[in-house]
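K.L.:
Okay, here's the prediction I keep looking at, along with the sequence it came from:
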Amino acid sequence: MTAEIELKRLDPRLGSEFPLPEYATALSAGMDLRAMLDQPIELAPGEAQLVPTGIAIHIGNPGLCAVILPRSGLGHKQGLVMGNLVGLIDADYQGPLMVSLWNRGRFAITITPGDRVAQLVFLPVARAVFRQVDEFERSARGEGGFGHTGVR
Ligand SMILES: O=c1ccn([C@H]2C[C@H](O)[C@@H](COP(=O)(O)OP(=O)(O)OP(=O)(O)O)O2)c(=O)[nH]1
Ligand SMILES: [Mg+2]
């Protein structure tokens, strides 16, 4: 499925010095977001900083949202992940798209302007309308949860 999404280029270096976010391969689910910093920053172990991506998007469709996820290489090898674990972009958000970069590792990480630091994934959303009931029709799981099926 493809979806047309409005995008504003907030940083003029995008589309000139650096490409705008794009899918790297035909079937990529995420497109990388760049750290559009004025100068390099160093994230000390444990530190988080809010970094602009240089774009704004307006999804404008109640059936869609976007999430900002770590890149697996940076997240696993360097410990560069999101300070909010996952960023959720509402369909009515029109502000600058920001990434919270958190160094969860043990060594300082330097981020250079234009580095691809996270990825943006568009997802379908179901909007719930709650219907209050007194009892649920019994399901196979019932109230079991939190590991009640064991590990093996
Ligand atoms: O990593 C992120 C997470 C969120 N946002 C923007 C888009 C999102 O629609 C908005 C609000 O996010 P959220 O609802 O998760 O944050 P909140 O703390 O509940 O803020 P608000 O009170 O504005 O809803 O902030 C980002 O730019 N980057
Ligand atoms: Mg909110």
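P.N.:
Received the coordinates, thanks. Numbers count the residues shown, from 1 in each chain. Ligands and ions are numbered 1, 2, ... in the order given.
K.L.:
Around ligand 1, which positions in the protein sit nearby?
P.N.:
Proximity of the chain to ligand 1 (C-beta under 6 Å from any ligand atom) is limited to residues 68, 84, 87-90, 93, 97-100. The way it works is simple: take the backbone N, C-alpha and C, and place the C-beta from them, glycine included.
K.L.:
how about whichever residue of the chain sits closest to ligand 1, what does it touch?
P.N.:
Here the residue of the chain nearest ligand 1 is Gly87; by C-beta to the nearest ligand atom that distance is 2.2 Å. By C-beta atoms under 8 Å, 6 or more residues apart in numbering, the residues touching Gly87 are 67-69, 98-100, 118.
K.L.:
repeat that for 7 Å
P.N.:
Applying C-beta atoms under 7 Å, 6 or more residues apart in numbering, one finds that Gly87 lies in contact with 67-68, 99-100.
K.L.:
Confirm that Gly73 sits in a helix.
P.N.:
Yes: read with DSSP: H, G, I helix; E, B strand; the rest coil, Gly73 is one of the residues of a helix.
K.L.:
mind checking how far it is from Arg9?
P.N.:
When C-beta to C-beta, to the nearest Å is the yardstick, Gly73 and Arg9 sit 26 Å from each other.
K.L.:
Among these two, which residue is more densely surrounded?
P.N.:
Taking other C-beta atoms under 10 Å, Gly73 and Arg9 do not tie; Arg9 has more neighbours (13 against 10).
K.L.:
neighbours around the residue nearest to that one when sequence neighbours are not counted, how many?
P.N.:
The shortest distance from Arg9 to any residue other than its chain neighbours is 5.7 Å, reached at Gly15 (C-beta to C-beta, 6 or more residues apart in numbering). Counted with other C-beta under 10 Å, the neighbours of Gly15 add up to 12.
K.L.:
State the pLDDT value of Gly15.
P.N.:
The predicted local confidence for Gly15 comes out at a pLDDT of 96.
K.L.:
start the count at 43, not 1, going forward
P.N.:
Will do, 43 is the new start, and the previous item becomes Gly57.
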